[in-house]
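**Student:** How does the following fold in three dimensions:
(2 chains)
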Amino acid sequence: MTDNFFHTNFFITEVIFFMPYEFEKIERKWQARWQDSNCFHSEADASKEKFFCLEMFPYPSGALHMGHIRNYSIGDVLARFLRKNAKNVLYTIGFDSFGMPAENAAIKYKTQPHKWTLENIAYMTNQLKRMGYSYDWRREAITCLPEYYRWNQWIFLQMYKRGIVYQKEAPVNWCENCGTVLANEQVSEGVCWRCHNPVTKKNLKQWFIKITDYAQELLDDIEKDLQGWPKRVRIMQTNWIGRSEGARLSFEVPELDYKIEAFTTRFDTIYGVTFIALAPEHELVRKMIASMNPDESEKLQAFVKKVTAQSSIERSDAKAEKLGFKTPFYGTHPISGEKIPIWIANYILSDYGTGAIMGVPAHDQRDFDFCRKYNIPIIPVINPTDGTILDGATMKHAFEENGIVCNSDKFNGLKTDEAITKMLDWGEENNICKREINFKLRDWLISRQRYWGTPIPFVYCDKCGVVPVPEDQLPVRLPEDVEVKEVGHSPLLDLPEFLETTCPHCGGHARREADTMDTFFCSSWYFDRYCSPGDEKAPFEKSDVEYWMPVDQYIGGIEHACLHLIYARFFAKFLTDIGLTKAREPFTNLLTQGMVLMDGSKMSKSVGNTVNPDEIVAKYGADTARLFILFAAPPNNDLDWSERGVEGSFRFLNRVWRYVEDNLDSLKNHNGKIVKMHEIDNPELRDFKRKIHSTIKDVTNDIQNEKQFNTAIARLMELVNSIYALNDKSEQAEFLRREAVDVLVNCLSPFCPHITEELWEMLGHENMLCLEPWCVCDESALVQDSVTVVAQINGKVRGKFARAAGLAKDSLEKSILDEKIVQEKIAGKSIVKIITVPDKLVNIVVK
RNA sequence: GCGGAGGUGGCGAAAUGGCAGACGCGCCAGACUUAGGAUCUGGUGUCUAACGACGUAGGGGUUCGAGUCCCCUCCCCCGCACCA
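**Tutor:** Have a look, this model is predicted:
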């Protein structure tokens, strides 16, 4: 009750007790001025150094959340700072506006995805403008509009022409809840990245993009070109791409007239093979079922059914029980010619390698577990270097380390490293194996059984089969006037006017592809589009992207480490291959900002611990919201939301405001003269002058090099404290105050652009602050007159003394030794050594 | 299990190997006040009456000097995890 009273009467109590600066009026005033003056528009200009500042564009889910505010506030500081530092800055925003939530919302609210999405975009655009972000709005890209997605279709067709796009029937990830298939990257720990429901495998014919063609380059360029990325992300991508070197070999199955191919990284263990295992999805399994006796065949079918019905979580959990089925078939060992039993096993992945393995239980823990369970023999072919002789019957676990080869004919006695090379050489000479590189990265499954996405530009002709839609017929428009009735049923399937068409080849009857593209396709090149907004002839102009790309600073969440950030890198490489761009890596520097937490856990609607940016902006203004979120933690840390902290930031801005307002006459009367350090005698004023310029130096460095906005803001708070603390009323002091206030306002402006524009204007400046150059640090003002020298005895601080700066080492030493306290402390002891750091410290080592 | 990033006051956090805790929050005291959740001033790591001692997860090491470098251990967070 009491709480409620204070909340609802906040402004009334404020009016009575505390009159804050009029942030709402001021913020709206400057937002309008910026908009009217087009001051954030940028054009390619070869005579200027460019800077492309990019933020991961939002999905228009309805409203901005604090994560967005953090992301975009970081970006805006950089954009504004660099603009002031004479860079030609490209900074804009857009909406990643295709995707499932729009369909779900359409069902829930009985609306249309199109309508819902555009309304959200309108709302969020207002929010972004209300935050004062300095976007060039002319460059905005909205992916769900035909003028954008037609170029998705166009790029897709270029990929098709180059053989990068293909259709394939395969066991693919299926999310029942979303009613669609998912790419590999979009399944994490066996669950759907979006809805967290377990994913199962389904055999479907789908569109894929051959990202694997670029696997090696995607890997190589991580270390070569992505030094400006967090190490974490580089490692995540490296692991995701998952390169492994090995060999391919095959086992003949004469009975079935088939050759089982297998990939191994340990060809040196080839003599230890005691079984072959196939994934239940392996093509040979079908052949086996067909050629087995009915009784056995039925059992095998039941086994396959049981295993494939398991969800990805169950199947891919390393701790899950290994299940096997012994088939009556045998493969021939490629060297010894022995008959090796063939099993079907649940732990063999159908989509890695060949979906079949050579089982070496002595040297692979998974195979070991499997063999112990099913009593398959275990033959060691490597012994530890310590002389132990392994025995397959008694081994407790697989020996996976390097060692000495045994039980392997002429290779016995070789060390593992040597054995791998020699055996592979021998294997290749004798046509037993072939060296091969395998990647964990899979081709990108691009089809989605959803309505709200880019239509895949293909038709199925009764006569000609799968036919691409000719480029001059693009876009294939997505009908907007639809009713989404249920999840998992695309309304396109009920729209004959969309589905029924004619074949571009033969003019006969054809049916359109009703699947749409993964929305990650849209976000893989939107930054290129920012360079050439509204281009009607191409996705973007070559000259534009060659000027602006690559992105100099990208800012976004780490959750895209192995999603968007891999897809976009792939796109950059593909687009350069077809001559459209030059930058093979799209993002030179990456900053992954931390999450915004509330009471230690992530803000989320479902938990109900969110803070609505609108309310914060209404209560304290955009400048305060920005300041708090930048001050509370360094950008890459998680940030705990604190209303108290917000109040602190608000207090600071009021403190700045009040100072200028209360001292405005004097400040205005002392404009235009910069007092140089050498003109100042008063030590207090010399300190003050030094403070002004050390602030410029530190703030510049913190923004530019460290991207530590929290410490930059701390320095500005110190400057404000110094301004308040200065008592001197001399003319010189007044001029210095004026200088300090100008510096403060300018340096604060990237963080809090509105209040600083207003103050700048109040101070009598005529130009908009956002266009004014950044402050220049006067190095001569940094010179220290006196320094505090620490006297240590045996490393412990025993006194602090003021000394003139720049004293020579020996005179400093002497002067410290002469100090009474020091003399007392070292009395009766002998000096072993003195370490002196000029202007800092003298450490006397005594015995 | 593997890989990565961390562990500093009551809290968020600062510290090119050189005064640990800048700045902010909170707290305490004072001033101005009819009033204070405004504003201003001062204080605020722990122990101690004090001198002083101790203090950056714990233990060891290098160094004149370690939050920072090296080794071991513990704890939290993140990513990967049957990838042959």
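
**Student:** Quick check: which ranges of the stretch 601-750 of chain A have low pLDDT?
**Tutor:** Judged against pLDDT under 70, the stretch 601-750 of chain A has no low-scoring part.

**Student:** Mind jotting down where the strands sit in it?
**Tutor:** A:601-602, A:639-640 (DSSP state E, counting those that start in this stretch).

**Student:** Tell me which strands the first one pairs with, and in which orientation.
**Tutor:** Strands that pair with strand A:601-602, judged by DSSP bridges, come out as strand A:596-598 (antiparallel).

**Student:** low pLDDT regions in chain A?
**Tutor:** A:1-18.

**Student:** contacting residues for the residue nearest in space to the middle of chain A?
**Tutor:** Centroid-nearest residue in chain A, with CA atoms, centre = their mean: A:Ile558, separated by 3.7 Å. By CB atoms under 8 Å, 6 or more residues apart in numbering, the contact list for A:Ile558 reads A:230, A:232-233, A:592. To be clear about C-beta, it is placed using only N, CA and C from the backbone, and glycine gets the same treatment.

**Student:** can you check A:Gly600 too?
**Tutor:** Shown in contact with A:Gly600 (CB under 8 Å, 6+ apart): A:Asp640.

**Student:** just A:Glu27 next, same as before
**Tutor:** Here A:Glu27 is in contact with A:130, A:132, A:621-623, A:754-755 (criterion: CB under 8 Å, 6+ apart).

**Student:** How about A:Glu245?
**Tutor:** Contacts for A:Glu245 (CB under 8 Å, 6+ apart) come out as A:265, A:435-437.

**Student:** List buried residues within these.
**Tutor:** The neighbour count (16 or more other CB atoms under 10 Å) marks A:Glu436 as buried among the contacts of A:Glu245.

**Student:** Tell me which of the contacts of A:Glu245 fall in strands.
**Tutor:** Judged by DSSP state E, strands contain the following of these: A:435-437.

**Student:** just checking, what packs against the helix or strand hosting A:Arg286?
**Tutor:** Using DSSP states H and E, A:Arg286 falls within helix A:283-291. For helix A:283-291, the packing partners by 3 or more CB pairs under 8 Å, 6 or more residues apart in numbering; DSSP states H and E come out as strand A:258-264, helix A:294-308.

**Student:** Mean neighbour count, the ones you listed: which tops it?
**Tutor:** strand A:258-264 (a mean of 20; mean count of other CB atoms under 10 Å).

**Student:** Restrict that one to CA atoms and write it as CSV.
**Tutor:** Below are the C-alpha coordinates for strand A:258-264, written out as CSV (Å, rounded to 0.1, in the frame of the first residue of the first chain):
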residue,chain,number,x,y,z
TYR,A,258,28.4,-54.0,-50.8
LYS,A,259,31.4,-52.1,-49.5
ILE,A,260,31.0,-50.5,-46.1
GLU,A,261,33.0,-47.3,-45.9
ALA,A,262,34.3,-46.1,-42.6
PHE,A,263,36.2,-43.0,-41.4
THR,A,264,38.9,-43.3,-38.7
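
**Student:** List of residues touching that strand?
**Tutor:** A:246-253, A:270, A:276, A:278, A:284, A:287, A:331, A:342, A:353-354, A:356-358, A:436, A:438.

**Student:** Now a ChimeraX select for only the buried ones of those.
**Tutor:** ChimeraX command restricting these to the buried ones, with burial defined by 16+ other CB under 10 Å:
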select /A:246,247,248,249,250,251,252,253,270,276,278,284,331,342,353,354,356,357,358,436,438
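
**Student:** Return the subset of the contacts of strand A:258-264 lying in helices.
**Tutor:** The members of the contacts of strand A:258-264 that map onto helices under DSSP state H are A:284, A:287.

**Student:** Check the contacts of strand A:258-264 one by one and keep those near RNA strand B.
**Tutor:** A:246, A:353, A:357-358, A:438 (CB under 7 Å from any atom of the strand).

**Student:** of those, closest to A:Thr416?
**Tutor:** A:Gly246 (13.8 Å; CB to CB).

**Student:** A:Gly169 belongs to a strand?
**Tutor:** Just to correct that, residue A:169 is Glu rather than Gly. Yes. The assignment for A:Glu169, made by DSSP: H, G, I helix; E, B strand; the rest coil, places it in a strand.

**Student:** Bridged to it, which residues?
**Tutor:** Using DSSP bridges, the bridge partners assigned to A:Glu169 are A:Lys205.

**Student:** so how many other residues sit close to the closest residue to A:Leu627 other than its chain neighbours?
**Tutor:** Nearest non-adjacent residue to A:Leu627, counting by CB to CB, 6 or more residues apart in numbering: A:Ser649, 4.3 Å away. By the criterion of other CB atoms under 10 Å, A:Ser649 has 25 neighbours.

**Student:** Run a quick check on A:Ser649 versus A:Phe631, I expect a contact.
**Tutor:** Yes. Counting by CB atoms under 8 Å, A:Phe631 is a contact partner of A:Ser649 at 6.1 Å.

**Student:** residues in contact with the residue of the stretch 551-700 of chain A found nearest RNA strand B?
**Tutor:** Distance from RNA strand B to each residue of the stretch 551-700 of chain A (CB to the nearest atom of the strand) is smallest for A:Gly648, at 2.6 Å. Counting by CB under 8 Å, 6+ apart, A:Gly648 makes contact with A:Phe628.

**Student:** what does A:Tyr547 give?
**Tutor:** With CB under 8 Å, 6+ apart, A:Tyr547 has these contacts: A:44-46, A:50, A:531.

**Student:** ditto for A:Asp367
**Tutor:** The contact partners of A:Asp367, by CB under 8 Å, 6+ apart, come to A:275, A:277, A:357, A:359-361, A:398.

**Student:** Could you single out the nearest of the residues you listed to A:Ile164?
**Tutor:** A:Ile164 lies nearest to A:Ile357 out of these, by CB to CB, at 29.4 Å.

**Student:** Run through the bridge partners of that closest one.
**Tutor:** Beta-bridge partners of A:Ile357, as defined by DSSP bridges: A:Ala277.

**Student:** Test my guess that it contacts A:Ile276.
**Tutor:** Yes. Using CB under 8 Å, A:Ile357 makes contact with A:Ile276 at a distance of 7.2 Å.
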